[in-house]
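Trainee: Here is the input, now give the coordinates:
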Amino acid sequence: MIFVGGVPFQNNSNNEGSCDLVALMEHPALISASLSLRATPEKFFSVSEASSSDVFAKRKHVYLFQREYATVDPMIIDLVGTDEATTCVGIVIRNRDNGMTSVAHMDSPKIVQIGLSQMLSKLADQKLDTELDVHLIGGFDDTPSLLAGKASHKNKAKGGHSFPLCAKIIEGLGKSALKFHIQTLFVLGHNTKSDGEGNAYPIFTGFLMETMTGVVTPAIFDETTRCPDELVRRIRLSASFEDPRWRGKLLDTYDTETDQFIIAPSSWSVPRVQMASYLQQLPDSEILHTCSTSPYAEAPDFVYNQRRQWDYLIKHSDWKDVFRMGQPRVFKRDTNGQWVMLEQGSIIRFDLSL
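Mentor: Reported below is the predicted structural model:
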């Protein structure tokens, strides 16, 4: 069940997510919230760039990559966020009573149904009267041949990656018996700008949420804050498409109770390593158009990050050398708040260059 401004949203009688999404995009309260977020300065979240007075850098955070989710306890974690969402959508669901917060980086309508169940498993405790705040950020107007700002929301269903994903999320929330209060719907046209040639771009591709207050801030991360185990987690995403265990699911990465990242074993085949070697030889422009659903909208470091993944695969062609004895890679924080990797009873410091 969806609420806006404390009032139940009268959803479409056929429970069609696309119709409900169009209506919500035009809701005055959500338009106002989008304008407010758009006027918020974007935060660059980097440990290396942080000054001694930067309060964000001193606080515990959890970062999520594409298709990952995590549920965090505000008594343990201060900040949680994601970025690199162009046609993807970042979704926050926060329990009003205790501040428990689940965040996911969704990339396909196929993972929404199970993905929402995963997110809610530690939030609602099967209590239908639980009040849940929801924020959706990402997924710009990538509809082919429609210029940003000139297409009505009703036309978005004709194509693109973002609209079907947003519609599926809204459909899932609307069908649930739980109470979802949508606070932010910064997606599609609300999250779109265009250049002089009519190419559409997302305004924001990421965010940070303060778990104690529920405040959402637009944000960009870098290698120092997209951690731990950045490259393995990126590679695991592509490898998961071939793993039936993850079909239709979000990738479970973070353990709420222990504040540890537990990266489940993921295998990659010889053909995948060979493909990495082939792609590594391509020029940047071809990589951009081959590997992205929105080549004109990607961040400047997109190709750089792709090449880093392929370098890692080539250097670690046997996945068993990465997941030794078929065991997960487990990371915990040391006394300085830095991530360290636990392995066979010893502590190995996590190397950001890997």
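Trainee: For Phe163, which three-state class applies?
Mentor: State at Phe163, reduced to three classes by DSSP: H, G, I helix; E, B strand; the rest coil: helix.
Trainee: all strands in the stretch 251-354 of the chain, in order from the N-terminus.
Mentor: 251-252, 254-255, 260-263, 329-333, 339-343, 346-349 (DSSP state E, counting those that start in this stretch).
Trainee: Kindly apply the preceding question to the stretch 51-200 of the chain instead.
Mentor: Counting by DSSP E, counting those that start in this stretch, the strands of the stretch 51-200 of the chain are 61-64, 68-72, 79-82, 89-95, 101-106, 131-140, 179-188, 192-194, 200-202.
Trainee: So what does the closest residue to Ser240 other than its chain neighbours look like in phi/psi?
Mentor: Closest residue to Ser240 apart from its sequence neighbours, by Cβ to Cβ, 6 or more residues apart in numbering: Trp246 at 4.2 Å. Using the backbone N, CA and C atoms, a C-beta is placed for each residue, glycine as well. When read as degrees, to the nearest 10, the backbone of Trp246 gives phi -100, psi 10.
Trainee: neighbours of Trp246, just the number please.
Mentor: A count of nearby residues for Trp246, using other Cβ atoms under 10 Å, gives 19.
Trainee: would you list the strands of the stretch 251-354 of the chain in CSV and tack on mean pLDDT, distance to Arg226 and mean neighbour count?
Mentor: Putting those into CSV (pLDDT from 0 to 100; distance: least, Cβ to Cβ, whole Å; neighbours: other Cβ atoms under 10 Å) gives the following:
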stretch, mean pLDDT, distance to Arg226, mean neighbour count
strand 251-252, 94, 15, 20
strand 254-255, 96, 14, 18
strand 260-263, 96, 12, 20
strand 329-333, 95, 13, 18
strand 339-343, 89, 11, 16
strand 346-349, 48, 17, 10
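Trainee: Report the separation between the residue nearest to Ser240 and Pro41.
Mentor: To Pro41, Trp246 is 36 Å away according to Cβ to Cβ, to the nearest Å.
Trainee: same check, this time on Ile137
Mentor: Distance from Ile137 to Pro41, by Cβ to Cβ: 15 Å.
Trainee: quick one: which of those two has more around it?
Mentor: Counted by other Cβ under 10 Å, Ile137 and Pro41 do not tie: Ile137 has more neighbours, with 30 against 7.
Trainee: Just the mean pLDDT for stretch 5-16, thanks.
Mentor: The average pLDDT within stretch 5-16 is 76.
Trainee: Any stretches of this structure with poor pLDDT?
Mentor: Within the chain, the stretches with pLDDT under 70 are 11-17, 49-57, 126, 144-159, 343-354.
Trainee: which residue ranges form the helices in it?
Mentor: Here the chain has its helices, by DSSP state H, at 17-25, 28-38, 112-120, 162-175, 230-240, 270-280, 284-291, 302-315.
Trainee: from these, which stretch is densest packed?
Mentor: helix 162-175 (a mean of 23; mean count of other Cβ atoms under 10 Å).
Trainee: From the chain's centre, how far out is it? Work that out for me.
Mentor: 16 Å (Cα atoms, centre = their mean, to the nearest Å).
Trainee: May I have the beta-bridge partners of the residue most central in space within the chain?
Mentor: Nearest to the mean C-alpha position of the chain, by Cα atoms, centre = their mean, lies His105 at 2.2 Å. His105 forms beta bridges with Gly90, as assigned by DSSP bridges.
Trainee: contacting residues around it?
Mentor: Neighbouring residues of His105 by Cβ atoms under 8 Å, 6 or more residues apart in numbering: 64-69, 82, 84-85, 88-90.
Trainee: which of the residues you listed has the most neighbours?
Mentor: Counting neighbours by other Cβ under 10 Å, the top entry in the contacts of His105 is Thr82, with 32 neighbours.
Trainee: Good, wrapping up.
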